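# Below: sequence and its predicted model.
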Amino acid sequence: MLRLRKAKSAVPNRDAAGDRLPRHIAIIMDGNGRWAQQRMLPRTAGHRAGVGAVRKTVEYCLSKGIQALTLFAFSSENWRRPAQEVSLLMELFIASLEQETEKLHENGVKLRVIGERGAFADKLQARISASEELTSQNRRLDLTIAANYGGRWDIVQAARRVAQDVENRLLSASEIDTARFECHLALSDLPEPDLFIRTGGERRISNFLLWQLAYTELYFTPVLWPDFDETVLDAALEDYAGRQRRFGCTGEQVEDSTPG
Ligand code: IPE
Ligand code: IPE
Ligand code: MG
C-alpha cells in the first residue's frame, strides 16, 4: 500500500509567544569524543555524557510541543571506529533503551529506530523491537533514533522496494514519481524536518537524511553534544523563527501568503 507523506499544513506551528516553531527537528549529535579529550578522558566518557544531553533534549522538545525529533546516534560509517569504541556505543544503546523506555512511554513518546538493524546483536534488536512495540500508540512526540543509518542506504533500500513493485507488476516504471518513491523512505509518515542542527562545529551532513533534508533549515553550532542544553536549543529555535522559507517562491509571494 502507498504510504504518502502527510500533507504540509499551510499554517505554521507556533509556540505560546507566537514564534514559528519547527514541527520536526533532526540533530547530528557530534562532538562527544572532543568533549572527553578536552577533559583528558577517554572518548567513551564523552558518549556516556552525551546520553544526558539526549534526555534533556527530549524533555525540552516535549515541553515545547515539538512533534518529531530525529537523532543521529550511529552512522553506517561509524563501524570504522576502533572496536572498543563501537562496542561501548552498542552497550550504551542497550542500556539507554532499558533505562529510558518506560519513562518515554509515560510521557507519550513514540520511539522508533531507523537504519539497518540486522547488523546489531540479537539482544539489541530484541530490545529495540520491545521499546518500539510498547510505545507504538503514543502520539505526543515522535522520537526517532537513526542507528546504523545512512542517507544513501535509505535511498537505495527505497529504490529496491520500488523496483520490487515494478517486478511484481504493481507499478510501471513511468508511474514512479516523487510521492511513490519517498513513501518507501524512512520517516515517510512524518513531516519533513523543518530544522536540522549539527553540534560539534563541523558543517556537513555526513550521510544523514539526504533526501529528507532537501528544504530543511540548517543550523550549525560549535557546542559539543554533551554540552547541548535548553539554551543552545533556544538559540537554534530563535534563529529558525527568523528565517523565511521560500520553497522556490519569491520572498514577496511568501509574505503575501503568510497569515497575520
Ligand atoms: C558523535 O560524537 C557520536 C558518534 C558519532 C557516535 P563523536 O564521537 O563523533 O565526537 P567527535 O566528533 O570525535 O568529537
Ligand atoms: C556523524 O558524526 C554521525 C553521528 C553523529 C552519529 P561523525 O563524527 O561520524 O561524522 P564525520 O565523520 O565527522 O563526518
Ligand atoms: Mg564526530
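Happy to help now that I have it. Ligands and ions are numbered 1, 2, ... in the order given.
# Got phi/psi on Glu60?
That one is not Glu; residue 60 is Tyr. Note on Tyr60: its backbone torsions stand at phi -70, psi -40 [degrees, to the nearest 10].
# Tell me the confidence at it?
According to the prediction, Tyr60 has pLDDT 98.
# residues near it, how many?
Using other Cβ atoms under 10 Å, the number of residues around Tyr60 comes to 17. The way it works is simple: take the backbone N, C-alpha and C, and place the C-beta from them, glycine included.
# Same check on Ala235?
Using other Cβ under 10 Å, the number of residues around Ala235 comes to 14.
# What is the one helix or strand it maps to packed up against?
For Ala235, the enclosing helix or strand under DSSP states H and E is helix 230-241. The criterion is 3 or more Cβ pairs under 8 Å, 6 or more residues apart in numbering; DSSP states H and E, and the helices and strands that helix 230-241 contacts are helix 43-64, strand 195-198, strand 217-220.
# Pull up the residues of the stretch 51-200 of the chain that are close to ligand 2.
Applying Cβ under 6 Å from any ligand atom, we find that the stretch 51-200 of the chain lies next to ligand 2 at Phe72, Ala73, Phe74, Ser75, Asn78.
# Emit the ChimeraX select command for whichever of the residues you listed are buried.
Buried residues among these (16 or more other Cβ atoms under 10 Å), as a ChimeraX selection:
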select :72,73,74,75,78
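# give me the subset of the residues of the stretch 51-200 of the chain next to ligand 2 touching ligand 1.
Judged by Cβ under 6 Å from any ligand atom, the overlap between those and the neighbourhood of ligand 1 comprises Phe74, Asn78.
# Turn the residues of the stretch 51-200 of the chain next to ligand 2 into CSV, columns for secondary structure.
CSV is the format used below for these (DSSP: H, G, I helix; E, B strand; the rest coil):
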residue, secondary structure
Phe72, strand
Ala73, strand
Phe74, strand
Ser75, strand
Asn78, helix
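# CSV please, covering the residues of the stretch 51-200 of the chain next to ligand 2 and showing pLDDT and distance to Cys183.
Output for those, formatted as CSV (pLDDT from 0 to 100; distance: Cβ to Cβ, whole Å):
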residue, pLDDT, distance to Cys183
Phe72, 98, 22
Ala73, 98, 25
Phe74, 98, 25
Ser75, 98, 24
Asn78, 98, 28
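# tell me which element the residue in the stretch 101-250 of the chain positioned nearest to ligand 2 is part of?
Closest residue of the stretch 101-250 of the chain to ligand 2, Cβ to the nearest ligand atom: Ser206 (3.7 Å). Take DSSP H and E as the rule and Ser206 turns out to sit in neither a helix nor a strand.
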